[in-house]
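A.B. asks: Structure for the following, please:
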Amino acid sequence: MSYIYVTRRGQYLNRVKQFRKDQGLSQLKLAQKIGVARQTINLIENNKYNPSLELCINLAKALNTDLNSLFWEEHTDERNNQHQNH
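C.D. replies: Presented below is the predicted three-dimensional model:
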């Protein structure tokens with residue numbers, strides 16, 4: 001299954017919303033699973049809150065995935081081409 005890269009902050013992608021929806025979870029249910037407020041999930045999904053590493057790990061576990069799948073640095077084609085040409 002492929003995912004849509006729904007939000008960007010700098011070069012990091014945030015796919016919390018996509019994984020949450022794929023799991024059939026509401027923001028409230030996900031928040032309850034990891035012990036935070038629903039508003040925290042909303043802020044994370046909208047890139048208005050930088051979660052701690054501990055919170056990121058808890059999100060990944062609750063969404064049955066890993067940190068690399070949930071958040072990672074994107075390498076653009078231009079950057080990849082520069083590396084290949086040197």
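A.B. asks: Quick one: end-to-end distance for stretch 31-45.
C.D. replies: Taking Cα to Cα, to the nearest Å, stretch 31-45 runs 12 Å from one end to the other.
A.B. asks: Now it: average pLDDT?
C.D. replies: What stretch 31-45 shows for mean pLDDT is 97.
A.B. asks: now stretch 51-69
C.D. replies: On average, stretch 51-69 scores 95.
A.B. asks: Buried residues in it, which are they?
C.D. replies: The neighbour-count check on stretch 51-69 (16 or more other Cβ atoms under 10 Å) flags 51, 55-56, 58-60, 62-63, 65 as buried. Every residue, glycine included, has its C-beta placed from N, CA and C.
A.B. asks: all strands of this protein, in order?
C.D. replies: Using DSSP state E, the strands found in the chain span residues 7-9, 12-14, 71-73.
A.B. asks: Out of those, which gets the lowest mean score?
C.D. replies: Of all those, strand 7-9 has the smallest average pLDDT, which comes to a mean of 47.
A.B. asks: quick one: contacts for Pro51?
C.D. replies: Applying Cβ atoms under 8 Å, 6 or more residues apart in numbering to Pro51 gives the contacts 40, 44, 59.
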